[in-house]
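Novice: whatever this is, show me its structure:
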Amino acid sequence: MDKFLCSKLAFDHFSGKEHIVEFETFAGNKFEFKTYEVKVAVFGDNFNQPPVIESVRVRLSDDEYLLLLQWQLQNPDTGFNACDGELCEIIGSIEYQVEDKIFGDNEIGTYAIYLSEIRQDVAIILHNLEQAK
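Specialist: Residues are numbered from 1 along each chain as shown. Here you go, the predicted model:
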């Protein structure tokens with residue numbers, strides 16, 4: 001799919017998307033953050049056992065979400081481990097947030113992240129595109 005078409009489709013979808021917002025108060029100021037769902041497969045000590053799947057909400061800026069959405073539209077069957085370039089920083093931020101929410105201090109386990117909300121949005125966009133034909 002053409003990069004410019006992906007950009008337009010992603011922006012149009014994002015503009016009409018219902019966002020989940022979290023608030024945090026710091027130093028007397030209230031900050032607003034849009035959050036998005038990722039699914040996390042957490043593996044225990046016995047790697048042969050199935051992982052526990054957890055849902056985690058991560059904070060992303062509008063630009064970060066749009067970049068990931070556009071990338072996923074261009075690569076609908078690819079996991080985020082294949083991201084490169086400027087997306088690496090976004091992926092690093094997602095990994096940090098997941099580790100912070102799932103694991104204790106000085107503890108990092110084995111896990112895999114699935115961009116569930118982004119993939120759902122991609123499915124909706126592709127479905128709408130197919131219906132418009």
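
Novice: and the pLDDT at the residue nearest in space to the middle of the chain?
Specialist: Taking Cα atoms, centre = their mean, the centroid of the chain lies closest to Leu115, which sits 4.2 Å from it. Looking at Leu115, its pLDDT reads 95.

Novice: gap between it and Val98?
Specialist: For Leu115, the distance to Val98 equals 11 Å [Cβ to Cβ, to the nearest Å]. C-beta here means a position set from N, CA and C on the backbone, and glycine is covered the same way.

Novice: shared neighbours of those two, which are they?
Specialist: Common contacts of Leu115 and Val98 (Cβ atoms under 8 Å, 6 or more residues apart in numbering): Val38.

Novice: which one's the longest strand in this protein?
Specialist: Looking across the chain with DSSP state E, the single longest strand is strand 29-43.

Novice: now do the buried residues in the helix or strand following that one.
Specialist: Counting by DSSP states H and E, the next helix or strand C-terminal to strand 29-43 is strand 52-59. Of all the residues in strand 52-59, those buried under the rule 16 or more other Cβ atoms under 10 Å are Val56, Arg57, Val58.

Novice: just the helices from this structure, written as ranges.
Specialist: 3-16, 62-74, 87-102, 116-131 (DSSP state H).

Novice: pull the CA atoms of the second one into CSV?
Specialist: Backbone C-alpha positions of helix 62-74 (Å, rounded to 0.1, in the frame of the first residue of the first chain) are rendered in CSV as follows:
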residue,chain,number,x,y,z
ASP,A,62,-0.7,11.4,18.8
ASP,A,63,2.3,11.4,16.5
GLU,A,64,3.7,8.2,18.0
TYR,A,65,0.4,6.4,17.5
LEU,A,66,0.0,7.7,14.0
LEU,A,67,3.5,6.6,13.0
LEU,A,68,2.8,3.1,14.4
LEU,A,69,-0.6,2.9,12.8
GLN,A,70,0.9,3.9,9.4
TRP,A,71,3.7,1.4,9.8
GLN,A,72,1.3,-1.4,10.7
LEU,A,73,-1.0,-0.5,7.7
GLN,A,74,2.1,-1.0,5.5
